[in-house]
Every structure is written in structure tokens, then in C-alpha cells.
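In: my questions concern the predicted model and sequence given below.
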Amino acid sequence: MSSRRRFLSTGLKAAGGFIACRAEARSAQAGQAATRPDIPYGTTTGDVTRDRAIVWSRTDRPARMLVEWSTTESMQNTRRVRGPQTTEAAGYTARVDLTGLPPGQRIFYRVHFEDLADSRSLSIPAGGTFLTPGAARDVTFAWSADTVGQGWGINTAWGGLRMYETMRLARPDFFVHTGDTIYADSPVPPEIKLPDGTIWRNVVTPEKSKVAETLDEFRGNYTYNLLDDSVRRFNREIPQLWLWDDHEVKNNWYPGMSLDNDERYRQKDSRVLAANARQAFLEYSPIRLTPGAVPPIYRSCSYGPLLEVFAIDLRTYRGPNTSNQQASAGADAVHAGARQLAWLKRALSASRAAWKVIASDLPIGLVVRDGPSTFEGIANAEAGNPLGRELEIADLLRYIRQQRIRNVVWITGDVHYAAAHHYDPQRAQFKDFDPFWEFVAGPLHAGTYGPNELDATFGPEVRFASVKPGAPANRPPSDGFQFFGLTRIAVATKVMTVELRNLAGETIYTVDLEPT
């Protein structure tokens, strides 16, 4: 039996102090909370590469993070990393970048926090596991978007955030969250009456009972999601790569947007709102932070010779939401921004992976509006030559073709349904690109919408959509229309198999992509 299967079959046990689940340790912690740090939300890993991984956690007081790791579940021959101190200024969050990991190996780890006032006072450990990429095995990853949106919060009677358990049971090597990791602008009410007359009952907290404005309120949106058992269990077992989208700040957010007409907000300076939102996102996401005053969210992660994932950021640098009809590049047409696009081109050219996956928080060809005549997304509902934000996409697609960069696939979310789109210059108005696929998945736990209108500029064709035209809007998670994607790349053939799955874990669409 493999070490991974043995770990999963025996559960998250505390033998040898390896893993102490919050529920399992509750009685011990109750009598010791006053004397030792607590780890109330478990652990998460992220941005895993061949020999590195981020380990994230949070405690309840000023403390130092300590991480031990081993290649055995029994935690023999452990290596210990003395991590950073964390204080109230960081929301008591901390991360350690483990380095020197063996490739292609299952890693087991445990986290302690050491009280800064008393080094003898250690938290009960919390731990987990992850797999480093290797050259001799298939690569599998999942992706989706949209967690706790439209007021659909943690309903314990229904099973909480059930999609996270469904994805855990699919056993991906890692998970890409393509955005809307929280809904800072979407309070969770105690109850919602469903169309059939039954009541959806949410767990409620003060921070999720209003729109987020202060830093602590944004932090409270992340800790709300971590109250869910399935989320914490998923985090312990599945490494993650996070993007952000608009709801980490506010619906359809762009830098400089006006809040004057939204009476829910007392804080009318959207720059303050965005700064608080960004700090909370960087505190709670298992992201590898690069040095600098404003660490970029865009980055790439190599998963060995088969795959490299390029996570892009279409929020931080964009211009305002307009009619999206600009005929030439300029401030109003900026989306990814010149610096990010230059980085992405260099990174794609340098990649030696068989498949290059661009993880985007927005789809290319679906029309996403911000009112009757303004647009939130890339497409502008005009089937002609590229205009507005489409200009950056056209430039990137042209570069990919000119540089003969092969096997580029896009994954995304945002629109709250699942779809498979094939783009072909023979159907397009703009023709200077190679055919490619874009796959859409979501929501994880939010209202279901769609399908969206399609813009013909880049020649998309809908090969599959998980909802039909005329479907009711904002369908609850309990209706079952929640979706994620699962992708497997075979080491023997390099064939990429993409599946779209529903809340029950059933495959509702699949396609095999041959490498070129």
C-alpha cells in the first residue's frame, strides 16, 4: 500500500503527535488555552514545486512558528525549521517556505507555535501532508472558484462546504483556486428561505454579518471559511495555488472605483478598502511572497516536466470598467498591465513543461457585464476586431503563436457554472493565434448562474455548458449545481485529460487533449 493511501485510510490521526485535528484536541486545549498557543484553523500548504512548499498556519497570540517535516508518516528522521514570529500586525498568521525537499515524494509535516513570552509553552501540533512533483508519475490537479457567495454560508445541517470534501476524495495532487476565495461584499444572513419553502440556516459571525471594510473584517471572511470541517480537512491534504478576483474586495472591483452610491459602505475610499483586502488575502493565502513593498500575486509554479501553471492577476493593474471599446492601448484598456504581460511572455517562453496552463480569474470569450453598457470582463459583446481589454489578449495570443509555444490551456471560473470552450482562428475575427482550449469551473459554494453570452472575436465555440439557457439565477448549493475541474496528464503519453465534475463527484464532461 502506498504511503499516501495508507495515510488517507488511517485518517488524520494524532499518533506520535503528527496531526492534532481541532475537534480531536478540543478537550485538551480547553484546559490549556490560557497557558499555550492555539492553532484554531489548522494548516495549509501552497505553491508546491519540485523541492519547495509553503506551509501556512495561524495562532491566537504572539508566537513563533515551528515546522517539522519527514518523508514518513511516523515522522522519523524529522527536519525542523524555525519559522517567523507572528504578531497582531499579521493577524497571527505565519508561513514557512520549506526548501530542500526531495522531488516526487510524499511529505508529512506538523506545526507548533512557541509562545514568545515563554519558549517552553508550545501549542498542540497541527499537521498535514503533500506531494512534491516528480518526473516518473502522472500529474493531477483540480480547480474551481467562488467560495461562500450570495449569502450561501456554512449550513451544518446540509453538510457545510461539501464541495471541498468531494474534491478531496478525487485525490488531486494540488488545487488551483481561480478567485473569489471569499465574498467580502456578501454578508451571510442567519436564514434564507428556499423556493420549496424550506429554510437554509447559516453559521453566522460578526465579520460575515456585514460588508467587509476594516482589515479585521476582511480577515474574518477568511476565518469564516476555515470554520468548516471539510475545508480544514481539504487544506491538510491538498496543496493549493490561489488567485484573487473581485469579491476579495467588492463586486466588479477595479482600482479607484467609486463607493459613493453603495450605502452599505461607510468607508468611501476604495483605495483603503483594496489595501485592507490585499493585506488579508496575502495573510491567509498559502502564497510564496516575493520581496518588495507590494508582492505580486501573479507567479508560476513548475510541477515537473509535464506541467507549469501560470497564475495571473487581472485585478491589481486594470483600468476602470467602461464600454470596453478602445481602439488602441491606453489606461482605460489596461487589464493585466504591461509589466505582468512581459513577465508572462518571458515565463511561457522559458518553460520546458509539456503543458502550460494559464490560470485566470476571468474567462476570455464570455461576456461579463457591469451594467447595461459597461463591462467587467475581457469581452465587450462586439464580434469584431479586438477592442479595449481584448487588445492585451490579442497581443498575448499573437506572441504565443509567433514564439511557437505549444500546449497552452486556460482554466478559469468567475461565472458560476462549468463550461468547455474551444477557440479557433478559422471562426474568429482576430486570426493571428493558434487554436486553444479554455475550461471554466465553479462555483465551489455559491449561487449558480449562467450561461453567459459568447463574444466571437477570438472564435470560441461552446463544447459543453453545465447549465441551460433560462435556468434560474442564484440557485443554492443544495440544488447540486456546483462544479470543479479535474485534469490529469499521463507521464507515458503526455495526454491531458480534462474532466468537469459536479457536487456528487460525477464526471459530466471529459476530453482528451493530445500534445503537439
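Out: Done, it's in.

In: helices along the chain, start to end?
Out: Counting by DSSP state H, the segments of the chain that form helices are 3-10, 22-32, 162-169, 215-225, 229-237, 270-284, 338-350, 390-402.

In: list the buried ones in the last one?
Out: Read it as helix 390-402. When burial is assessed from 16 or more other C-beta atoms under 10 Å, helix 390-402 yields the following buried residues: 390-397, 399-401. (C-beta placed from N, C-alpha, C; glycine too.)

In: I'd like the mean pLDDT over it, please.
Out: Looking at helix 390-402 alone, the average pLDDT works out to 98.

In: and what of the longest one?
Out: Model confidence over helix 270-284 averages 97 on the pLDDT scale.

In: show me what it is packed up against.
Out: The contact analysis (3 or more C-beta pairs under 8 Å, 6 or more residues apart in numbering; DSSP states H and E) places helix 270-284 against helix 215-225.

In: give me the residues contacting the helix it packs on.
Out: Contacting residues not belonging to helix 215-225 are listed as 41, 58, 91, 147-148, 153-154, 161, 181-184, 188, 203, 205-208, 210-212, 231, 276-277, 279-281, 283-284 [C-beta atoms under 8 Å, 6 or more residues apart in numbering].

In: got the angle for that helix vs helix 162-169?
Out: Here helix 215-225 runs at 60 degrees with respect to helix 162-169, directions being taken by axes from the mean of the first three to the mean of the last three C-alpha atoms, to 10 degrees.

In: could you give the angle of helix 215-225 to helix 229-237?
Out: Going by the same axes, to 10 degrees, helix 215-225 makes 90 degrees with helix 229-237.

In: circling back: tabulate the helices of the chain (TSV), appending distance to residue 141.
Out: As requested, the helices of the chain are exported to TSV (distance: least, C-beta to C-beta, whole Å):
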stretch	distance to residue 141
helix 3-10	15
helix 22-32	27
helix 162-169	11
helix 215-225	21
helix 229-237	14
helix 270-284	21
helix 338-350	18
helix 390-402	21
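
In: so which bits of stretch 317-326 are buried?
Out: Neighbour count says stretch 317-326 has 317-319, 321-322, 324, 326 buried, by 16+ other C-beta under 10 Å.

In: what sits up against that stretch?
Out: 252, 254-257, 331-337, 339-340, 370-371, 373-376, 379-380, 382, 387-391.

In: mind checking which of those residues are buried?
Out: Burial by neighbour count, judged by 16+ other C-beta under 10 Å, picks out 252, 254, 257, 332-337, 340, 370, 375-376, 379-380, 382, 387-391 from these.

In: what about stretch 372-381, average pLDDT?
Out: Averaged over stretch 372-381, pLDDT sits at 97.

In: please apply the same query to stretch 477-494.
Out: Predicted confidence along stretch 477-494 averages 98 (mean pLDDT).

In: what's the end-to-end length of that stretch?
Out: Length of stretch 477-494, first residue to last, C-alpha to C-alpha, to the nearest Å: 35 Å.

In: tell me how far it lies from the chain's centre.
Out: 15 Å (C-alpha atoms, centre = their mean, to the nearest Å).

In: same question for stretch 286-301.
Out: Averaging C-alpha positions (C-alpha atoms, centre = their mean) puts stretch 286-301 14 Å from its chain's average.

In: so what touches it?
Out: Defining contact as C-beta under 8 Å, 6+ apart, one finds that stretch 286-301 is touched by 44-49, 52, 54-56, 95, 97, 239-244, 278, 281-282, 308-313, 316, 340, 343-344, 347, 351.

In: tell me the buried residues in that stretch?
Out: Across stretch 286-301, burial judged by 16+ other C-beta under 10 Å covers 286-288, 296-301.

In: list the ones among those residues that fall in strands.
Out: The subset of the buried residues of stretch 286-301 located in strands under the criterion DSSP state E comprises 299-301.

In: turn these into TSV, including pLDDT and distance to residue 457.
Out: Converted to TSV, these look like this (pLDDT from 0 to 100; distance: C-beta to C-beta, whole Å):
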residue	pLDDT	distance to residue 457
299	97	28
300	97	27
301	97	30
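
In: residues near residue 195, how many?
Out: The number of residues packed around residue 195, counting by other C-beta atoms under 10 Å, is 9.

In: can you pull the contacts of it?
Out: Contacts for residue 195 (C-beta under 8 Å, 6+ apart) come out as residue 472.

In: adjust the sequence numbering to begin at 57 for everything that follows.
Out: Okay, residue one is now 57; in that scheme the one you just asked about reads as residue 251.

In: just the pLDDT at it, thanks.
Out: Model confidence at residue 251, expressed as pLDDT, equals 93.

In: averaging pLDDT per element, find the lowest-scoring helix or strand in the chain.
Out: The element with the least model confidence among the helices and strands of the chain, by mean pLDDT, DSSP states H and E, is helix 59-66, at a mean of 42.

In: nearest to residue 520, of the helices of the chain?
Out: Nearest to residue 520, of all the helices of the chain, is helix 218-225, at 19.1 Å by C-beta to C-beta.

In: who does the closest one touch, helix- and strand-wise?
Out: strand 195-200, helix 285-293, strand 539-545.

In: export that helix as PDB, just CAs?
Out: Listed next in PDB are the C-alpha coordinates belonging to helix 218-225 (Å, rounded to 0.1, in the frame of the first residue of the first chain):
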ATOM      1  CA  ARG A 218     -19.400  20.000   0.800                       C
ATOM      2  CA  MET A 219     -17.600  20.500  -2.400                       C
ATOM      3  CA  TYR A 220     -14.300  20.600  -0.500                       C
ATOM      4  CA  GLU A 221     -14.900  17.000   0.600                       C
ATOM      5  CA  THR A 222     -15.900  16.000  -2.900                       C
ATOM      6  CA  MET A 223     -12.600  17.400  -4.300                       C
ATOM      7  CA  ARG A 224     -10.600  15.800  -1.500                       C
ATOM      8  CA  LEU A 225     -11.900  12.400  -2.400                       C
END
